[in-house]
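S.K.: Based on what follows, work out the 3D shape:
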Amino acid sequence: MSATLKPQTANAPAKVKDAGLISLAKDGDAAYNAKSGELLLLPGGAQSQREIKERLASALFEGAGLQRVDCGNDEAVFSLAERYVREWQDRATAYIDDRGRDLRILGWSKDTAGAWQKTEEIMAAVSGELERIPGGEGSSFVEEAVPDGRSFSLLFPCETGSIGARPGFVCKSCGKPLLADSPFSFRSVQPGRDDPPEDLKKIETPGANTIAELCSQLGIDVRQTLKAMLYVGSDGETAGSRPVASFIRGDYNISMNKLSRWLREKHGLYGIRPAEKQELAEFFGEVAGYCGPIGLPEGVIVICDSSVRDSKNTVVGANCPGYHRVGCCYGRDFTADIADIALNSQGIPCPCGGSFEAVSMREAGTLRFGFDPHHASLEIKTTTPLHDKKLSYQDREGTHEYQAVWGGVISTERILLEIGRAR
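M.R.: Numbering: from 1, shown residues only. Presented below is the predicted three-dimensional model:
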């Protein structure tokens, strides 16, 4: 009667593609409910999950000063911080809360720099401890652009169909991981960039209102074109909209998250979205499919992806239906703000000389801080939005505020699956 239940089997559970889950099931440490999609932990798996949680909680306390509590929700964590911050100050501003199979991280800093420092300490503590757990090696915290702050995902390479899997990219040579919206401004060299600059000319291109048709008509490489993507955004204070023209090399696509973050930081714009037909005509004129960076109306915010920097002899829209310009050179014919606003994709080059290939990555955690962190939502189950209250206290010297909210979640369930996968 006192023997531990460990129903080992040679058969993999039906309809399961997750290598970690298959290993745990065969070892008798877990089962899978295909109807609900739930991982069911048997005694051995439950013990392993508790050990992972204890090790990570200890590492976060020792490496980042996170106090371990058992509150169950963000409001209760805030209540603790508010109660003790005056007497204990920084010791009462950083917490890790048990939430089932997750560790919920939540804290406050006096400014964004302090929030960033704390985030770095948390990432170092988690990564260091995972390196010491057999099967936990190979994890990476990968930054992902979000409109209102900075976000980092804890990722493990995995098979397609694994629990918590999401698409990503890994350099075939150096192993660097990326997500589609990860900051990454390194781009391949445009063909002919070292050629002498050509004269800027306006040419007729009837019906060439797509990049594919333009390249077909002119017999050119798509990398010799610049593509316009037109948007509108609001400053959040007025009912009006601001027009935005973004330009990127023809074989790349815009990352809405990167663009939104840049526009928010640079111009205070919110709610970025593609311009509708009526707005295109109002803000840009009848130039759909033929918009270019030269001669845009006043008031248009212009932003170019880093792939446009040093571009030479490219083909751009002429802001006139049925016409393009050839021989366009950045710096000579137009200038604009430059930022990394491209969506990362398979095949983009890596600084090491390799290139990125598409892979699946298991997300086992997220960390986040931002300008308006109460708008953030962490995408792992059992989490709640980051708290929107600033932490403050008063003493004889006045009011002291911890304005920057930061937080995240670590899924010990998904780390357990990685440990099972490595068996």
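S.K.: Outline the domain layout of the protein.
M.R.: Residue ranges for the domains of the chain, per automatic domain parsing: 19-175+361-421, 201-339.
S.K.: Helices of the protein, start to end?
M.R.: Ranges of helices in the chain, per DSSP state H, are 19-26, 43-64, 74-88, 112-132, 211-218, 256-267, 277-284, 412-421.
S.K.: Please state the offset of the fourth one from the chain centre?
M.R.: To tie it back to what came earlier, the one meant is helix 112-132. Helix 112-132 sits 17 Å away from the centroid of its parent chain (Cα atoms, centre = their mean, to the nearest Å).
S.K.: Show me what that helix packs onto, helices and strands only.
M.R.: helix 43-64, strand 102-109, strand 140-146, strand 149-158, strand 356-370, strand 404-411 (3 or more Cβ pairs under 8 Å, 6 or more residues apart in numbering; DSSP states H and E). Yep, even glycine has a C-beta here, placed from its N, CA and C like the rest.
S.K.: Quick one: residues in contact with that helix.
M.R.: Applying Cβ atoms under 8 Å, 6 or more residues apart in numbering, the contact partners of helix 112-132 are 55-56, 59-60, 62-66, 94, 105, 107, 109, 136-137, 139-141, 150, 152, 154, 365, 367, 369, 371, 404-406, 408, 410, 415.
S.K.: sorry, back to before: distance to Asp181, mean neighbour count and mean pLDDT added to the helices of the chain, as a markdown table?
M.R.: As requested, those are exported to a markdown table (distance: least, Cβ to Cβ, whole Å; neighbours: other Cβ atoms under 10 Å; pLDDT from 0 to 100):
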| stretch | distance to Asp181 | mean neighbour count | mean pLDDT |
| --- | --- | --- | --- |
| helix 19-26 | 26 | 22 | 93 |
| helix 43-64 | 26 | 18 | 96 |
| helix 74-88 | 25 | 16 | 93 |
| helix 112-132 | 18 | 18 | 95 |
| helix 211-218 | 22 | 16 | 96 |
| helix 256-267 | 4 | 21 | 93 |
| helix 277-284 | 25 | 15 | 90 |
| helix 412-421 | 21 | 25 | 93 |
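S.K.: I'd like those laid out as TSV, including distance to Gly168.
M.R.: Converted to TSV, the helices of the chain look like this (distance: least, Cβ to Cβ, whole Å):
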stretch	distance to Gly168
helix 19-26	17
helix 43-64	23
helix 74-88	29
helix 112-132	17
helix 211-218	26
helix 256-267	15
helix 277-284	34
helix 412-421	15
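S.K.: show me the residues around the closest residue to Glu413 other than its chain neighbours that make contact.
M.R.: Among residues not flanking Glu413 along the chain, Arg101 sits closest, at 4.1 Å (Cβ to Cβ, 6 or more residues apart in numbering). Arg101 makes contact with Gln49, Lys53, Thr382, Ser411, Thr412, Glu413, according to Cβ under 8 Å, 6+ apart.
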